[in-house]
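K.L.:
got a predicted model here, sequence first, then my questions.
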Number of protein chains: 2
Amino acid sequence: MKGNQQQLPKDFFLYNASTARCKSYVNMREVTERFCLKPGEYVIIPSTFDPHKESEFLLRPFEEEETEEEKQFRAIFQQIAGDDMQINANELRTVLNRVIAKHKELKTEGFSLESCRSMIALMDTDGTGHLNLQEFKHLWNKIKKWKLVFTRYDTDKSSTISSFEMRNALTEAGFQLNNQLYDIICMRYANENMELDFDSYISCLVRLEGMFRAFRAFDRDGDGIIKLNVFEWLQLTMYA
Amino acid sequence: MKGNQQQLPKDFFLYNASTARCKSYVNMREVTERFCLKPGEYVIIPSTFDPHKESEFLLRPFEEEETEEEKQFRAIFQQIAGDDMQINANELRTVLNRVIAKHKELKTEGFSLESCRSMIALMDTDGTGHLNLQEFKHLWNKIKKWKLVFTRYDTDKSSTISSFEMRNALTEAGFQLNNQLYDIICMRYANENMELDFDSYISCLVRLEGMFRAFRAFDRDGDGIIKLNVFEWLQLTMYA
């Protein structure tokens, strides 16, 4: 609909699916929701819980204003992503490798396509198989934060992080693990000399972050235990 | 100990850990176990369940004889692995890429180091971070079988497998999944044209195999539901 001031015909609702809606439809006096919408015109439809009732509504839309940095970020993202404003694994690989190539202090062979696919799976909260601006921003902020930790804990300035340094780095990055998990992580992500280069380090942290998030999301009653059947198990672990 | 015919001193047991032992120590008349041991001399110590009892034992060691093919396979493995008879991710990458380079009908960029690390994690049943001969043989036989499926289901001879063909290939390879899982798998492993090249296809199947196995191992009571705390969850998912 483009600047249409008239009452919307019934057909409009037959042929246009809703873009966003409240998570649960309950008879509350106040409902607050947060949506991320593409630029465009939208119709907002408030309704009473019981049908055939009349009521007054107070609608308060808030929107965040972008800082100068965010505007620049959006412009760069748009340039990579194109009109669909979504990036795929290849595009993510281009961005990440372009950035780390500038940092000579980071010893790395660059991110493989496989690592980027895994990163997309772990950061793709809306399940599209791509990263939108929000998801990419989230990943980007994490990488920026984790890069600082990497350089701080690379105490011997080897441009890689040893399995010993990795423990401290993980703690600093906010992950409290047990010894067995530290060992498993080094076995999986370190090279023959028990060192992690930057891309392995980031891949590891992205997965840790994703796996912690998946656990919390599944632990709905918050008792620290999740119960999974085989399909739920595969859904969580195959897309990672 | 080297060909020592005398009674072993107490110290021997203080300084030599056992190489293999029965899984559970119970008072059964007959115990059968299967071990995979490195070449060497071993001491076998039968014991009564209750202490200070005397008894007679009948010990029957069986060993499998290698076929000619297996001998060749062992020789190749030894060549790659060196004296430790274990291969790491780099060595695995060399082998796999050397083999697939010979198959011109398989369109692939080759296996990345990241894929090989993941494969080792999923096939490494004894948790050493490397593959021993048995584990590599298991992986190798799977890849051989899955390659046949790949070429059979690549019906349009595109040298890649489309997401549509992938469903049939997965069923043929013995994986019964639901629609949601097929979608997730394609999103994770297919490229922009919704096609899987050979290395993505194999990475996907190795992970499926590993995840099914992990689920079965954790579902000890066989009720089809696993319960995990956060550390168990991370142990299973970070080493994958």
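P.N.:
Cool, the structure landed. All figures in this text were calculated on a predicted structure; none of them were measured in a lab. Numbering: from 1, shown residues only, chains lettered A, B, ... in the order given.
K.L.:
could you measure from A:Asn70 over to chain B?
P.N.:
I think there's a mix-up here, since residue A:70 is Glu and not Asn. According to Cβ to the nearest Cβ, to the nearest Å, A:Glu70 stands 28 Å off from chain B. C-beta: built from backbone N, CA, C; applies to glycine.
K.L.:
can I assume that residue sits in a helix?
P.N.:
Yes: secondary structure of A:Glu70 (DSSP: H, G, I helix; E, B strand; the rest coil): part of a helix.
K.L.:
what about it, how many neighbours?
P.N.:
13 (other Cβ atoms under 10 Å in any protein chain shown).
K.L.:
that one and A:Ile161: what is the separation?
P.N.:
According to Cβ to Cβ, to the nearest Å, A:Glu70 stands 30 Å off from A:Ile161.
K.L.:
before we move on, what about A:Arg188?
P.N.:
For A:Arg188 relative to A:Ile161 (Cβ to Cβ), the value is 14 Å.
K.L.:
higher neighbour count, those two?
P.N.:
Legend: neighbour count by other Cβ under 10 Å for A:Arg188 and A:Ile161, higher for A:Ile161 (28 against 21).
K.L.:
for the more buried one, what are its contacts?
P.N.:
Residues counted as contacts of A:Ile161 (Cβ atoms under 8 Å, 6 or more residues apart in numbering or on different chains) are A:150, A:153-154, A:169, A:195-196, A:201.
K.L.:
max-length strand in chain A?
P.N.:
strand A:225-229 (DSSP state E).
K.L.:
now the angle from it to strand B:225-229?
P.N.:
Orientation note: strand A:225-229 sits at an angle of 150 degrees relative to strand B:225-229 (axes from the mean of the first three to the mean of the last three Cα atoms, to 10 degrees).
K.L.:
flag every buried residue along strand A:225-229.
P.N.:
Going by neighbour count (16 or more other Cβ atoms under 10 Å in any protein chain shown), the buried part of strand A:225-229 is A:226, A:228.
K.L.:
return the closest of the contacts of A:Ile161 with respect to chain B.
P.N.:
Ranked by distance to chain B (Cβ to the nearest Cβ), the contacts of A:Ile161 are led by A:Leu196 at 11.4 Å.
K.L.:
distance check, that closest one against A:Tyr153.
P.N.:
From A:Leu196 to A:Tyr153 the distance is 11 Å (Cβ to Cβ).
K.L.:
so A:Ile45: helix, strand or coil?
P.N.:
Under three-state DSSP, A:Ile45 comes out as coil.
K.L.:
for burial, what's the neighbour tally of it?
P.N.:
The number of residues packed near A:Ile45 is 9, by other Cβ under 10 Å.
K.L.:
hang on, the earlier thing: so for A:Leu196 and A:Tyr153, which residue has more residues nearby?
P.N.:
Counted by other Cβ under 10 Å, A:Leu196 and A:Tyr153 do not tie: A:Leu196 has more neighbours, with 25 against 20.
K.L.:
how much space between that one and A:Phe49?
P.N.:
Using Cβ to Cβ, A:Leu196 is found at 54 Å from A:Phe49.
K.L.:
what does A:Asp199 give?
P.N.:
In this view, A:Asp199 and A:Phe49 are 52 Å apart by Cβ to Cβ.
K.L.:
ok, which stretches of chain A are helices?
P.N.:
Applying DSSP state H to chain A gives helices spanning A:10-15, A:68-81, A:89-102, A:113-123, A:133-153, A:163-172, A:179-189, A:198-218, A:230-238.
K.L.:
any stretches of chain A with poor pLDDT?
P.N.:
Within chain A, the stretches with pLDDT under 70 are A:1-5.
K.L.:
and with 80 instead?
P.N.:
In the predicted model of chain A, residues A:1-7, A:23-26, A:28, A:36, A:38-40, A:61-66, A:69, A:104-108, A:155-157 satisfy pLDDT under 80.
K.L.:
thinking again about what came up before, out of A:Asp199 and A:Phe49, which sits in the busier spot?
P.N.:
Of the pair A:Asp199 and A:Phe49, A:Asp199 is the one with more neighbours under other Cβ under 10 Å, namely 23 against 10.
K.L.:
show me which residues of stretch A:142-152 are buried.
P.N.:
By 16+ other Cβ under 10 Å, the buried positions in stretch A:142-152 come out as A:142-143, A:146-147, A:149-150.
K.L.:
put the alpha carbons of it into CSV.
P.N.:
Output in CSV follows, covering the C-alpha atoms of stretch A:142-152 (Å, rounded to 0.1, in the frame of the first residue of the first chain):
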residue,chain,number,x,y,z
LYS,A,142,31.4,-9.7,19.3
ILE,A,143,34.4,-10.1,17.0
LYS,A,144,35.6,-6.6,17.9
LYS,A,145,35.4,-7.4,21.6
TRP,A,146,37.0,-10.8,21.2
LYS,A,147,39.9,-9.3,19.1
LEU,A,148,40.8,-7.1,22.0
VAL,A,149,40.9,-10.1,24.3
PHE,A,150,43.0,-12.0,21.8
THR,A,151,45.7,-9.3,21.5
ARG,A,152,45.7,-8.8,25.3
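K.L.:
distance from that stretch to the middle of the chain?
P.N.:
17 Å (Cα atoms, centre = their mean, to the nearest Å).
K.L.:
give me the contacts around it.
P.N.:
So stretch A:142-152 is contacted by A:96, A:103, A:105-106, A:161, A:169, A:172-173, A:198, A:201-202, A:205-206, A:209 (Cβ under 8 Å, 6+ apart).
K.L.:
and stretch A:214-229, by the same measure?
P.N.:
Contacts to stretch A:214-229, defined as Cβ under 8 Å, 6+ apart, come from residues A:232, A:236, B:224-230, B:233-234.
K.L.:
residues of stretch A:76-92 that come out buried?
P.N.:
Under 16+ other Cβ under 10 Å, the buried positions of stretch A:76-92 are A:77, A:81, A:85-89, A:91-92.
K.L.:
tell me, which of the residues you listed make contact with chain B?
P.N.:
The subset of those within reach of chain B, by Cβ under 8 Å from any Cβ of the partner chain, is A:Asn88.
K.L.:
nearest to chain B among the buried residues of stretch A:76-92?
P.N.:
Distance to chain B across the buried residues of stretch A:76-92 (Cβ to the nearest Cβ) is lowest for A:Asn88, with 5.9 Å.
K.L.:
got phi/psi on the closest one?
P.N.:
In terms of degrees, to the nearest 10, the main-chain angles of A:Asn88 are phi -100, psi -180.
K.L.:
what sits against A:Met211?
P.N.:
Neighbouring residues of A:Met211 by Cβ under 8 Å, 6+ apart: A:122, A:240, B:233-234, B:237-238.
K.L.:
can I get those in TSV with distance to A:Phe136?
P.N.:
TSV is the format used below for the contacts of A:Met211 (distance: Cβ to Cβ, whole Å):
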residue	distance to A:Phe136
A:Leu122	13
A:Ala240	18
B:Trp233	26
B:Leu234	25
B:Thr237	23
B:Met238	24
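K.L.:
now restrict the residues you listed to buried residues only.
P.N.:
Among those, the ones that count as buried by 16+ other Cβ under 10 Å are A:122, A:240, B:233-234, B:237-238.
K.L.:
before we move on, the earlier item: would you mind giving the contacts of A:Ile161 as CSV with distance to A:Glu63 added?
P.N.:
Formatted as CSV, those follow (distance: Cβ to Cβ, whole Å):
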residue, distance to A:Glu63
A:Phe150, 35
A:Tyr153, 39
A:Asp154, 41
A:Ala169, 37
A:Glu195, 46
A:Leu196, 41
A:Tyr201, 36
